[in-house]
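Trainee: for reference, the sequence and a predicted model appear below.
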Amino acid sequence: MSDNVTSTPARRILLVEDDHFLRKAAQTSLTRHGYHVVTAADGEEALRLVRTEKPELILLDLIMPKIQGFEVLRTLKADAETAAIPVIVLSNLGQDHDREATLAAGAIAHLVKANISLVELVAEVDRALAARA
Amino acid sequence: MQRHLSALVLVAGMLLAGALLAFFLQQDVKSQVIAQFNASQLLIARQAARQVESYLDARTFDIRRLSSLSSIRNLDVKAMPADVQATIDLLKAAHVQDISVLDELGRVAYSTTRGATGLPRIGADLQAWAREPVNKGAVRVVVEPPGNRDAPAAAQGAMGLFLAAPLYRETGAAGVSGAGATFAGLLVLTVDLQTLVESALGGSPAVGHQPSRIWVMDDGGTLLLQSEHPEMVAQNIRNTSEDCRQCHVSFDYAQNMLATKSGTAEYQIKAQDSRVAAFAPMSFQDASWIVVVNAPRDDITGFMRTTTIRTLALLGVIGTVVGLVIVSIYRNSRQEAVIAEKAKHLREKERLVDQLREAGDYLDNLFESANAPIIVWNSEHRITRFNRACQRLTGYTAAEAIGQQLGMFFPASSREESIAKIVHSAGSEDIESPEIPILRKDGTIRIALWNSADIRSGDRTAVIATIAQGQDITERKRAEQMKADFVSFVTHQLRTPLSGIRWLLELTGQDQTLSADTASFIADARAAAERLITLVNDLLAVSRLEGGRLVVHPEPLDLAGLTTEVVDEVTPLIRAKNQQITVPGAAAAPLVHGDPKLVREVILNLLSNAIKYTPPDGTITVSVQPGGDMVHWAVHDTGIGIPPASQAHLFEKFYRAENASVMNTEGTGLGLYLVRLILERSGGRVWCESVEGRGSTFTFVLPAAPAPASAPEVARE
């Protein structure tokens, strides 16, 4: 099993985050854990990269320039080509209605950035991809 | 119509009364006038009698004087002195028609009118009387029927009236009187009786247009003068035939006159010829006469009649006028009384109406001036009242709203729901006012809370109307939304850099090459960042709880199980301080009714506090027990306890107990406040008992979950 992990090409994750520091921290942490992390700083870029990079998982911020995370999520789920890609919302909006809205729109999880550590984030990603595998 | 008729009858009555009054007045006046007239006629008659008497006296004097004159008694008319002639001239002007001197044989010796042949025949008795020497110097009055003499035509209406004196011629020695006198003849004055009496009456007295008729009769009833009917002269009125009574004085009256000699008598000759005869006695020497002034009373009655008619007419007119005035006054007074009565009723009505109006105005003013929108609709949901505040709220005028359906004020999307809510609220005893969006005339939406109440009919069976009072909370909602938006915004904006700090510190801490000091600095910085994040999270939670925007999702909840989970979570902290913790066994208490996430937050908060404020090696005991409808959860520690002064403020926002810093622990001052807010929102409450230095017990209660009917049996199986 561990052999497979090393020999298998790194799993591709799209990290959509407009904040430079957070993007850097999350990307670093996930990369250290063996993921191939593609980053997008806004919704527009995210939608473009989804089609070119074909990620296995998307970590999606909500409040962003150009196209908001909700819009991106809806667009992804409306498109048959991208609808199957699991999306974990990673935002600092964490109220019940925010959470309900994203889960209803098709996200598999809604994480509040301030309330989780990077370790926890990586664990969530592992869990999500393991469930998909 | 009837009123006019009765007025006519009244006027007629007044006329009749006026006429009757006038008639009786007139009768009275008439009798008085007649009495007055009769009296005046009587006076005239008496005066005439006295005049005739004094005239005869005067003529007696005259004839005596003349008869004493020598030229006259000697029948020597040629030697008649001038003064005798003057006296004769004077007498001629005083009703004396003729002065004659007769000789002893009765032959005319001298006459002023007739010459020697025209003398009246003097009766033998007069001659005899004159020859008696005793009658020398006497004067005698004689009346003779016209037929007895050659009377002049002028004297046809009356008997001849003569004054005679004997004449004695002087004989013997001169100067001896009487003894030697011899009868020489008579001196006779012929008096015009008619003009004498007429003159005595002062001409021909007349009332009206007819002259009075004058009679003179002697006391035997023989007429000496009858100015109206000269043929009657010398006849006796007692001998008038029945036929003649038609045209003359009646027998009875004649008898009466002759008997009483003075007075008045009324009689009627023909139907239209009533008369008044006033009669008075006259006497001269042995003659005794009655002078009668006979006045037609037709004149006076005619005058009276005319006067009566005029008076009647006048009185009739006056009566009519008075009657009309009285009628109008009466009617006016009647009408005034009716009007006054009506006015009184009207005033009373007006007073009541005023009172009602005042009461109505008062209610209207209250209704209209109320700051809150008030609307009333009937059982068909048609609007019947709509106050000014409602007009401000909706933008519709009262005229536009009244009569319309209630539904017009709700947006189409929520119309049915809104009507149902507001109608249900009116009929129910819910204190909660439904929050209903209102569609304004300009298309904008406002949010209002509505308190409504049904207005029932008198017997309380039927709802006849519903009144609702609104409270426009649009601005409040907007402010709340803004606050919420603001809190969300701030939270997000704070959380993002804080997340960055936290994650970057976490990454840095993973570097195995760091010195021990640096690693501990980074761990501290990371703890500070996490504490800041907690503070922000607590602020956000408080804001949401205070704003009522945190929705509680209660469900049956196992408090003991939840406690165990939380204890597992905090076990590292307990171990670190070497504390002992006791937790309740499974199924120690019935389920509660609560929101798992929020109750978990409460338990975590209270356990964390117990761990934090209990020194190492201390003991923490958690218990869960049923208590009636509620379930009690308590955590007891052997910590520092809480000063009594602080206990009352423990659950206030940002409050930290005075001795909290003793433990060198961090706190936001929001934890217990959040616990209180959550429990209050969940239908429970929290309190604290503590002895400073010995320990504290924090207890909260939550309502027990309603048990399903079949639950016990399921549990047994």
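Mentor: Received the coordinates, thanks.

Trainee: the helices in chain A, which residues?
Mentor: A:2-7, A:20-32, A:43-53, A:69-78, A:96-105, A:118-132 (DSSP state H).

Trainee: using JSON lines, lay out the ones you listed together with mean pLDDT and distance to B:Glu53.
Mentor: Where you see a C-beta, it was placed from the backbone N, CA and C, and this is true even at glycine. As requested, these are exported to JSON lines (pLDDT from 0 to 100; distance: least, Cβ to Cβ, whole Å):
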{"stretch": "helix A:2-7", "mean pLDDT": "45", "distance to B:Glu53": "197"}
{"stretch": "helix A:20-32", "mean pLDDT": "93", "distance to B:Glu53": "176"}
{"stretch": "helix A:43-53", "mean pLDDT": "91", "distance to B:Glu53": "170"}
{"stretch": "helix A:69-78", "mean pLDDT": "91", "distance to B:Glu53": "164"}
{"stretch": "helix A:96-105", "mean pLDDT": "87", "distance to B:Glu53": "158"}
{"stretch": "helix A:118-132", "mean pLDDT": "89", "distance to B:Glu53": "179"}
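
Trainee: go through those and name the closest to B:Met257.
Mentor: Nearest to B:Met257, of all those, is helix A:96-105, at 150.5 Å by Cβ to Cβ.

Trainee: now do the buried residues in the closest one.
Mentor: If you call a residue buried by 16 or more other Cβ atoms under 10 Å in any protein chain shown, then helix A:96-105 has these buried ones: A:98-99, A:101-102, A:105.

Trainee: can you tell me which of these lies nearest to B:Asn236?
Mentor: Checking those one by one against B:Asn236 (Cβ to Cβ), the nearest turns out to be A:Ala101, at 163.8 Å.

Trainee: gap between the residue nearest to that closest one when sequence neighbours are not counted and A:Val38?
Mentor: Nearest non-adjacent residue to A:Ala101, counting by Cβ to Cβ, 6 or more residues apart in numbering or on different chains: A:Phe70, 7.0 Å away. According to Cβ to Cβ, to the nearest Å, A:Phe70 and A:Val38 sit 21 Å apart.

Trainee: and chain A, which residues reach chain B?
Mentor: With Cβ under 8 Å from any Cβ of the partner chain as the criterion, chain A comes near chain B at residues A:19, A:21-22, A:24-26, A:28-29, A:63, A:92-93, A:95-96, A:112-115, A:117-119.

Trainee: how does it look with 6 Å?
Mentor: Residues of chain A lying close to chain B by Cβ under 6 Å from any Cβ of the partner chain are A:19, A:21-22, A:25, A:28, A:92, A:113-114, A:117-118.

Trainee: any chance you could map the strands in the stretch 601-717 of chain B?
Mentor: Here the stretch 601-717 of chain B has its strands, by DSSP state E, counting those that start in this stretch, at B:619-627, B:630-637, B:685-691, B:695-703.

Trainee: would you give the sheet partners of the shortest one, along with the direction of each?
Mentor: Just to be clear, that refers to strand B:685-691. strand B:695-703 (antiparallel) (DSSP bridges).

Trainee: which other residues reach the partner strand?
Mentor: For strand B:695-703, the surrounding residues in contact (Cβ atoms under 6 Å, 6 or more residues apart in numbering or on different chains) are B:592-594, B:606, B:630-639, B:641-642, B:679, B:683-684, B:686-690.

Trainee: what packs against the strand or helix carrying B:Ser333?
Mentor: Using DSSP states H and E, the element containing B:Ser333 is helix B:297-369. With contacts taken as 3 or more Cβ pairs under 6 Å, 6 or more residues apart in numbering or on different chains; DSSP states H and E, helix B:297-369 sits against helix B:2-68, strand B:273-284.

Trainee: between it and helix B:2-68, how big is the angle?
Mentor: Interaxial angle of helix B:297-369 relative to helix B:2-68 (axes from the mean of the first three to the mean of the last three Cα atoms, to 10 degrees): 150 degrees.

Trainee: sorry, back to before: PyMOL command to pick out the buried ones of the residues of chain A next to chain B?
Mentor: Those of the residues of chain A next to chain B that count as buried under 16+ other Cβ under 10 Å are selected in PyMOL with:
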select buried, chain A and resi 19+22+25+28+92+113+114+118
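
Trainee: mind putting the residues of chain A next to chain B into JSON lines with distance to B:Glu368?
Mentor: Output for those, formatted as JSON lines (distance: Cβ to Cβ, whole Å):
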{"residue": "A:Asp19", "distance to B:Glu368": "58"}
{"residue": "A:Phe21", "distance to B:Glu368": "62"}
{"residue": "A:Leu22", "distance to B:Glu368": "60"}
{"residue": "A:Ala25", "distance to B:Glu368": "65"}
{"residue": "A:Thr28", "distance to B:Glu368": "71"}
{"residue": "A:Asn92", "distance to B:Glu368": "52"}
{"residue": "A:Lys113", "distance to B:Glu368": "57"}
{"residue": "A:Ala114", "distance to B:Glu368": "55"}
{"residue": "A:Ser117", "distance to B:Glu368": "64"}
{"residue": "A:Leu118", "distance to B:Glu368": "67"}
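
Trainee: center of the chain, which residue is that?
Mentor: Picking chain A for this. Nearest to the mean C-alpha position of chain A, by Cα atoms, centre = their mean, lies A:Leu59 at 1.0 Å.

Trainee: should've been chain B
Mentor: Short answer for chain B (Cα atoms, centre = their mean): B:Ala343, at 3.9 Å.

Trainee: how far away is it from B:Phe700?
Mentor: Taken as Cβ to Cβ, the span from B:Ala343 to B:Phe700 is 79 Å.

Trainee: ok, now A:Ala83?
Mentor: For A:Ala83 relative to B:Phe700 (Cβ to Cβ), the value is 46 Å.

Trainee: B:Gln481 too?
Mentor: 32 Å.

Trainee: okay, those two: which has more neighbours?
Mentor: Comparing B:Gln481 with B:Phe700 by other Cβ atoms under 10 Å in any protein chain shown, the one with more neighbours is B:Phe700, at 26 against 12.

Trainee: which non-adjacent residue is nearest that one?
Mentor: Nearest to B:Phe700 is B:Val686, by Cβ to Cβ, 6+ apart, at 4.1 Å.

Trainee: who touches the one you found in this structure?
Mentor: By Cβ under 6 Å, 6+ apart, the neighbours of B:Val686 are B:675-676, B:679, B:700.

Trainee: could you redo the last one with a cut-off of 8 Å?
Mentor: By Cβ atoms under 8 Å, 6 or more residues apart in numbering or on different chains, the contact list for B:Val686 reads B:602, B:651, B:672, B:675-676, B:679, B:698-701.

Trainee: by neighbour count, which of these wins?
Mentor: Ranking these using other Cβ under 10 Å puts B:Val602 first, with 28 neighbours.

Trainee: that one and B:Arg681 touch, don't they?
Mentor: No. If you go by Cβ atoms under 8 Å, B:Val602 and B:Arg681 don't touch, sitting 10.9 Å apart.
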